[in-house]
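[1] How does the following fold in three dimensions:
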Amino acid sequence: MARAGSCQISPKGAPTGTCFEDALHFVMRREKFDDPVVLVHGTVEAGGGRMAHAWVELPLTDGVWDPALGYMRGEQYRRLLRPEVGGRWDETEAQVKAVRMGHFGPWV
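    The predicted model follows:
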């Protein structure tokens, strides 16, 4: 599968990083557990601007797993990074979308 997305955009507009891939892999590993997880693609505030990013929401605990930052409370994540959601997918939807699109994201 090709790496089409990333955590950052270079000055020339080319993506760098692996947050889309890492977040999808986290979701795929978590499907074995009872806790639901939601893959999210969108943008976050970073470095004085917004950047394309992927993270995982853990709805039962209002937690977030971010490929660059690890685990944190959802409230803290929203306050620090001011995420803007482009799309959300549960475990099954995320796996199907990745296969259909042929890359890790972004899909929005």
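
[2] And the helices in the chain?
    With DSSP state H, the ranges of helices along the chain come out as 19-30, 74-81, 91-101.

[3] For these, give me TSV that also has mean pLDDT.
    Converted to TSV, the helices of the chain look like this (pLDDT from 0 to 100):
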stretch	mean pLDDT
helix 19-30	90
helix 74-81	96
helix 91-101	88
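
[4] Return the most buried member of those helices.
    Between these, helix 19-30 has the highest mean count of neighbours, a mean of 20, where neighbours are mean count of other C-beta atoms under 10 Å. All C-beta spots, glycine's among them, are computed from the backbone N, C-alpha and C.

[5] picking that back up, with distance to residue 47 as extra columns, can I get the helices of the chain in JSON lines?
    Shown next, in JSON lines, are the helices of the chain (distance: least, C-beta to C-beta, whole Å):
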{"stretch": "helix 19-30", "distance to residue 47": "14"}
{"stretch": "helix 74-81", "distance to residue 47": "11"}
{"stretch": "helix 91-101", "distance to residue 47": "27"}
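
[6] tell me which residues form a beta bridge with the residue most central in space within the chain?
    Nearest to the mean C-alpha position of the chain, by C-alpha atoms, centre = their mean, lies residue 54 at 1.9 Å. On the basis of DSSP bridges, residue 54 takes part in beta bridges with residue 41.

[7] That one against residue 24, yeah?
    Yes: shown here, residue 54 and residue 24 form a contact pair, counting by C-beta atoms under 8 Å, at 7.4 Å.

[8] Give the residues shared as contacts by these two.
    Taking C-beta atoms under 8 Å, 6 or more residues apart in numbering as the contact rule, residue 54 and residue 24 both touch 39, 104-105.

[9] can you put the residues you listed in JSON lines and add neighbour count and pLDDT?
    Below are the shared contacts of residue 54 and residue 24 laid out as JSON lines (neighbours: other C-beta atoms under 10 Å; pLDDT from 0 to 100):
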{"residue": "39", "neighbour count": "27", "pLDDT": "96"}
{"residue": "104", "neighbour count": "25", "pLDDT": "87"}
{"residue": "105", "neighbour count": "27", "pLDDT": "84"}
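
[10] Fine by me, we can end here.
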